[in-house]
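Trainee: Sequence and predicted model, in that order:
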Amino acid sequence: MSCRSTDMSDARTLLLLMRRNLRPNASDHVQALLDLGADLHLVTSDDIGDDPRFVTSTALPPDLGHDQILRVVSGLAADRQVAAAVTFSEYDIVIAGEVNERLGVNWARPQADRISRDKSRQRAFLAAHQIPSVWSYPVTDPNAALDAGAAHGFPLIVKPTAAASSTAVQLADGPAALGSALTSIAALAEPMRGTGAWALLEEYVPGREVTLDGVVLDGQFLLGGIHDKALARGPFFEEDLYTLPFSTPEREAELVAIAGDIVKCLGLELALFNAELREDRAGEFRVIEFSTRISGGHVFRNVRDVYGLDLVRIYARAVLGDPREQILRTHCGRRPPRMATCIKRLYADGRVLRNSPGHAVFSPNFRAYYPLARPGQVVASAPRGFDTVGALSVWLPWQPGQEPAVAHQVALKVAAELDVEIAPPAGASRLPTTD
């Protein structure tokens, strides 16, 4: 375990746990914490060098198990005398919650974090509390899952219970496809085999999908934004083209009520929160999954740009002990939309040669670009892999009633100006990555 430190001050302090995706995904989130004057003690998986954003940084050995990680991170949190541990990564919400419980943080809800991290537990939770969801079957045995799938009928969604970002989520249209999907997920989920459900079968809900983000203050859910998004039709579901404002604002209250029910039943007092929902054939929204964190990437910034609401800043101020009334007085609430935004994600197969904003930065619609794959890295899209080359965010004027397709067109136009080149796999023709 390596550790770098500089002089520590008596200022308010936080432990930031980001074993994955520290840079560039969390750069906006880190900046929001720094803007509050917080001292940050980082725990990650890599030696980041002399990053001036952090008072101390600790790189965990890659072979530590859950209990070892918990013991090390809890010790660091106590030694640094932090107010709390925070994370913006799906992979770390359970550890962060358990660390906070050990610190005696009164809003820590590690059981809620464990439910959020396990999709089979989510299904059981939603069913127990009669929150709109979908039929599901937890997979511990592939043969039993094949029988259950045949009994229910196809098509079915198949997914690992503990992955994130739609990794390995597949649409199976029959027994052969289901068997193949279970085989590939079994390899991905090998560490979980024998510890409970490692995959999940779900009813396929064919309607549009949305992502809802907000913050919980004193047990009350406050909406940030609801993104429309485009999904591939299957068999894999790579997410793309997240747009704000929500295309049917008249349905916001319905979705907020569902989120509020989840928050209440989880017993959350203070948390970031997101949920993914889909419309069924009758047009009713069903919960696909939820988490005690904010959606990754540009979502936090887009909510701030469109609605003037800084979810991470609100959450961090509460974590640091600022009174709710003071926070809400400073953040006067969600304003009417003042622009539109869109996130375009890039997928490809091959070796990354170049990956930077390029000439796109000169567009007035350019907001940010996160290059998520380094030059020289080999990337693969579904079904060979689940890598994202980069994520582009654009902004543009908005008028009431404007369709998401307007933002999609702007995002595609700006994406064409990115300096991204992927050398195709051997024997394949060069693949376009920006359309």
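Mentor: Perfect, I can see it now.

Trainee: From here on, just use CA atoms for contacts and neighbour counts.
Mentor: Noted.

Trainee: Quick check: which element contains Gly321?
Mentor: Under DSSP states H and E, no helix or strand contains Gly321.

Trainee: Low-confidence bits of the protein, can you list those?
Mentor: 1-11, 21, 23, 163-167, 188-195, 232-235, 426-435 (pLDDT under 70).

Trainee: what sits against Ile371?
Mentor: Careful, residue 371 is Pro; it's not Ile. 24, 355-356, 389-391 (Cα atoms under 8 Å, 6 or more residues apart in numbering).

Trainee: switch the cut-off to 7 Å
Mentor: By Cα atoms under 7 Å, 6 or more residues apart in numbering, Pro371 lies in contact with 355-356, 389-391.

Trainee: Equivalent analysis for Val394, please.
Mentor: Contacts of Val394 (Cα under 7 Å, 6+ apart): 341-343, 365-367, 411.

Trainee: Tell me, how many residues neighbour the nearest residue to Gly333 once chain neighbours are set aside?
Mentor: Excluding the flanking residues, the one nearest Gly333 by Cα to Cα, 6 or more residues apart in numbering is Leu309, at 6.7 Å. Other residues near Leu309 come to 23 when the count uses other Cα atoms under 10 Å.

Trainee: Following element in sequence after the host helix or strand of His227, please.
Mentor: In this assignment (DSSP H and E), His227 forms part of strand 220-231. With elements assigned by DSSP H and E, the helix or strand that comes after strand 220-231 is strand 239-244.

Trainee: which residues sit against that following strand?
Mentor: Strand 239-244 is contacted from outside by 227-231, 340-345, 404, 408, using Cα under 7 Å, 6+ apart.

Trainee: how about the helices of the protein, start to end?
Mentor: Under the criterion DSSP state H, the chain contains helices at 27-35, 66-80, 93-103, 110-117, 119-128, 142-152, 175-188, 252-266, 299-307, 311-319, 324-330, 404-415.

Trainee: Now mean neighbour count too, for those helices, in a markdown table please.
Mentor: Shown next, in a markdown table, are the helices of the chain (neighbours: other Cα atoms under 10 Å):
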| stretch | mean neighbour count |
| --- | --- |
| helix 27-35 | 17 |
| helix 66-80 | 16 |
| helix 93-103 | 23 |
| helix 110-117 | 21 |
| helix 119-128 | 19 |
| helix 142-152 | 15 |
| helix 175-188 | 17 |
| helix 252-266 | 17 |
| helix 299-307 | 22 |
| helix 311-319 | 21 |
| helix 324-330 | 12 |
| helix 404-415 | 20 |
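
Trainee: If we only consider the contacts of Pro371, which is nearest to Leu212?
Mentor: Ala391 (18.9 Å; Cα to Cα).

Trainee: dump the residue contacts of the closest one.
Mentor: If you count contacts by Cα under 7 Å, 6+ apart, then Ala391 has 343-346, 369-371 around it.

Trainee: ok, and the closest non-adjacent residue to Gly385?
Mentor: According to Cα to Cα, 6+ apart, the nearest residue to Gly385 is Val379 (7.5 Å).

Trainee: Now Lys264. Nearest residue, chain neighbours left out?
Mentor: Using Cα to Cα, 6+ apart, the nearest residue to Lys264 is Gly219, at 7.0 Å.
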